[in-house]
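[1] Have a look at this prediction, sequence included:
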Amino acid sequence: MSAEARVKAALDVFGAPVEKSVLDAAAKDHPPRYYTFSCDSFGAAFGDNAPGCERFLAHIHLFAPLDHNCFQQVRKTQKALFAAGFTWPEVTDATDQDGQHFVFECETAQPIEEDE
């Protein structure tokens, strides 16, 4: 399963929308609580001038209304990502006057698939 699929599967259990990059840009009204994410990839574990695996840096964003208590959701999100094979996520609180915004950063590695 790809790193992106693992992020989505880990967070889908919470019932909030989970979208890659941005929540449907055409939607005028976002749901009260939702996740967006992106994954950057890099070669790692080099030997003989070739990467032995691919390292993925995942950036997950949780958005919620200001009046929503997100403490438990933040902790559950960390646990879900860790259980999905990512490192324990670092969390940055990027909340502003428009709403709560928590940024989770974690990583994982996967073998590089051989071309057929």
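    Yes, it's here.

[2] Which residue ranges of the chain form strands?
    Ranges of strands in the chain, per DSSP state E, are 18-20, 34-44, 53-64, 90-93, 100-111.

[3] Which stretch among those is buried most, on average?
    strand 53-64 (a mean of 20; mean count of other CB atoms under 10 Å). In short, each C-beta sits where N, CA and C put it, glycine included.

[4] and that one, what does it pack onto?
    helix 3-12, strand 34-44, helix 71-83, strand 100-111 (3 or more CB pairs under 8 Å, 6 or more residues apart in numbering; DSSP states H and E).

[5] which residues of this protein score low on pLDDT?
    For the chain, the stretches with pLDDT under 70 are 22-28, 114-116.

[6] Let me know the outermost residue of it.
    Most distant from the centre of the chain: residue 48, at 31.9 Å, with distances by CA atoms, centre = their mean.

[7] Can you convert the strands of the chain into TSV and add a column each for distance to residue 70?
    Shown next, in TSV, are the strands of the chain (distance: least, CB to CB, whole Å):
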stretch	distance to residue 70
strand 18-20	16
strand 34-44	12
strand 53-64	5
strand 90-93	9
strand 100-111	5
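
[8] I'd like the helices and strands packed on strand 53-64 as CSV, with distance to residue 57 appended.
    Converted to CSV, those look like this (distance: least, CB to CB, whole Å):
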stretch, distance to residue 57
helix 3-12, 9
strand 34-44, 5
helix 71-83, 13
strand 100-111, 5
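
[9] closest one to residue 21 among the ones you listed?
    strand 34-44 (5.7 Å; CB to CB).

[10] in its sheet, what does the closest one sit against?
    Applying DSSP bridges, strand 34-44 is found paired with strand 18-20 (parallel), strand 53-64 (antiparallel).

[11] and the angle from it to helix 71-83?
    Here strand 34-44 points in a direction 30 degrees away from that of helix 71-83 (axes from the mean of the first three to the mean of the last three CA atoms, to 10 degrees).
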